[in-house]
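K.L.:
Next one to model:
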Amino acid sequence: MSQSTTDAESVLASYQPSEAAFELTESLVPSDTPLDPTEKNKSGAVPYSYVETSSRMLQVVRQEIAPFLSSAGVVGMVTNVSHGTFYSRPSSLLIFSFSLRSGQHGFRFKNANVKINFSKHSTVAAAASSPSVAKFAPRKIFGLPTVEGRKNTISGELTLQVPAGLLTVGPSVKGERETEYEKQYRFKTIGNFWSSKMGSDWDIVYWDMRENKRTKEGIPDRLNVAVVIEAAEPFVASVEVTVDTPFASGFLSHPWKRSNPAVFVPGVVMGGQPRTTAFDELTPDEWKSLIPYEEEWEGRVTDAAEREGALRAQTLLPIVGSEEERGEESAAHKMGSGSRASAPGAEAYGERASDER
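P.N.:
Okay, here's the model as predicted:
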């Protein structure tokens, strides 16, 4: 769809992105595997109404991962679109759902990254403010831990001997110390704000999903996310999904490409609407209901951005700590300067920025 069109019918049609398969490098394709360039994966549209709630209002985008290798795939859905305010500023509440289907033959999903990039619609004046991520959910979700007991034994010998003619005399002391400790492994989903290279605000939000390294059962098969975007004018969203498997890493897909993005226009809604359109008044329980997840998980629901000051620089800091710590914090890099830089590190349940308003 052309970005120049913002009527309701065309906007809703933008939730039907063009077909696209995961991109594979040639080195990942067996040389004896014939590829049929005419074969395309099917994508169908599910009819829906943006006026009233219906069980048929989900637009499904289906993308297969190399069907000649596995039955694995990803389905992306835009389930709800609402417009209102966030602390009196014009904003939109968007809900996405991603279903992940792992396959056989080494195509278990070990890790996945879902990144959503927001930008101005082509009809919006260049001087207008760009859309920015004000709040999102989930921030952190952890699977219940797999606990493994470990034992370390350290032994040594201290010899205090001196030569005495043909003999060596002196005491010899042996010692041994044993320690026990527990090591935990768990599934992790960690979301965070990010900024594009040319962005002056948080215009990207992403989620890293990592499997439990001990059980190796893959990541959960569904990720539901909600995002509040501060924007008074039409804006667009492109989505990139990357997955890693034991077979290979870096399978890339674009449910909504930059050339064919999802378009959001104030006044055009979709799906069930929240209790209030003052999105800053939504309670933690209401946020939970927007992004249902399995009860055996535990975690933090939301994170909100600082709203004053601009992001003036972007710095990638070195990652330190153990492998497990790096895995848990992979999506929690600090970056930038100014008041916004502290927002992603906030750990209180609920909103980070509300105390300073």
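K.L.:
so who does Val265 touch?
P.N.:
When contacts are counted by C-beta atoms under 8 Å, 6 or more residues apart in numbering, Val265 touches 6, 8, 11, 121, 234. Just so you know, the C-beta spots here come from the backbone N, C-alpha and C atoms, and that holds for glycine as well.
K.L.:
Show the pLDDT at it.
P.N.:
On pLDDT, Val265 comes in at 93.
K.L.:
again with Arg326
P.N.:
40.
K.L.:
can you list the domains in the protein?
P.N.:
Listed domain ranges for the chain are 8-30+41-143+187-356, 147-183 (source: automatic domain parsing).
K.L.:
show me what contacts Ala112?
P.N.:
If you count contacts by C-beta under 8 Å, 6+ apart, then Ala112 has 100, 208-209, 219, 223, 241-244 around it.
K.L.:
re earlier: and the contacts of Val265, which of them are buried?
P.N.:
The neighbour-count criterion (16 or more other C-beta atoms under 10 Å) marks 6, 11, 121, 234 among those as buried.
K.L.:
Among these, which ones are in helices?
P.N.:
The members of the buried ones among the contacts of Val265 that map onto helices under DSSP state H are Val11.
K.L.:
Take the buried ones among the contacts of Val265 and lay them out in TSV including pLDDT and distance to Ser130.
P.N.:
As requested, the buried ones among the contacts of Val265 are exported to TSV (pLDDT from 0 to 100; distance: C-beta to C-beta, whole Å):
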residue	pLDDT	distance to Ser130
Thr6	76	17
Val11	78	19
His121	92	11
Pro234	95	12
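K.L.:
wait, which of the buried ones among the contacts of Val265 is closest to Tyr87?
P.N.:
Within these, proximity to Tyr87 (C-beta to C-beta) peaks at Pro234, which comes in at 21.2 Å.
K.L.:
is it true that that closest one touches Val268?
P.N.:
No: contact between Pro234 and Val268 fails when scored by C-beta atoms under 8 Å: they sit 9.1 Å apart.
K.L.:
Now do the contacts for the residue nearest to Leu282 when sequence neighbours are not counted.
P.N.:
Once flanking residues are discounted, Leu282 sits nearest to Pro274: 6.3 Å by C-beta to C-beta, 6 or more residues apart in numbering. By C-beta under 8 Å, 6+ apart, the contact list for Pro274 reads 82, 93, 282, 286, 290.
K.L.:
Going through those residues, which ones are buried?
P.N.:
82, 93, 282, 290.
K.L.:
now, which of these sits nearest Val228?
P.N.:
Using C-beta to C-beta, those come closest to Val228 at Leu93, 5.4 Å.
K.L.:
out of the buried ones among the contacts of Val265, what pair is the most spread apart?
P.N.:
Pairwise distances across the buried ones among the contacts of Val265 peak at 9.9 Å for Val11 and His121 (criterion: C-beta to C-beta).
K.L.:
hmm, back to that, ok, the buried ones among the contacts of Pro274 vs Glu148, which is closest?
P.N.:
Nearest to Glu148 among those is Leu290, at 34.9 Å by C-beta to C-beta.
K.L.:
Hmm, Ile95 and that closest one touching each other?
P.N.:
Yes: Leu290 lies in contact with Ile95 (C-beta under 8 Å); the separation is 5.9 Å.
K.L.:
Could you name every residue contacting both of these two?
P.N.:
In contact with both Leu290 and Ile95: 80, 224, 226, using C-beta under 8 Å, 6+ apart.
K.L.:
Most neighbours out of these, which is it?
P.N.:
Ala226 (24 neighbours; other C-beta atoms under 10 Å).
K.L.:
List the beta-bridge partners for it.
P.N.:
Ile95, Ala137 (DSSP bridges).
K.L.:
Can you read off the pLDDT for it?
P.N.:
96.
K.L.:
now do the one 5 residues further on
P.N.:
The pLDDT attached to Ala231 in the predicted structure is 95.
K.L.:
Name the nearest residue to it, ignoring sequence neighbours.
P.N.:
Using C-beta to C-beta, 6+ apart, the closest residue to Ala231 is Pro131 (3.8 Å).
K.L.:
Where does the prediction get shaky in the stretch 151-300 of the chain?
P.N.:
For the stretch 151-300 of the chain, applying pLDDT under 70 flags the ranges 151-153, 155-162, 164-175, 181-182, 198-200, 294-300.
K.L.:
ok, now with 90
P.N.:
Counting by pLDDT under 90, the stretch 151-300 of the chain contains low-confidence ranges at 151-187, 196-201, 211-222, 239-262, 292-300.
K.L.:
the helices in it, which residues?
P.N.:
With DSSP state H, counting those that start in this stretch as the criterion, the stretch 151-300 of the chain has helices at 284-290.
K.L.:
re earlier: widest-spaced pair of the contacts of Pro274?
P.N.:
The largest distance within the contacts of Pro274, taken as C-beta to C-beta, falls between Ser82 and Glu286 and amounts to 12.1 Å.
K.L.:
In TSV: the shared contacts of Leu290 and Ile95, plus distance to Phe142.
P.N.:
Listed next are the shared contacts of Leu290 and Ile95 as TSV, based on distance: C-beta to C-beta, whole Å:
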residue	distance to Phe142
Asn80	26
Asn224	16
Ala226	19
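K.L.:
Now flag whichever of those is closest to Gly250.
P.N.:
Asn224 (24.3 Å).
K.L.:
So that closest one sits against Ser99, correct?
P.N.:
No: with contact defined as C-beta under 8 Å, Asn224 and Ser99 do not form a contacting pair (9.7 Å).
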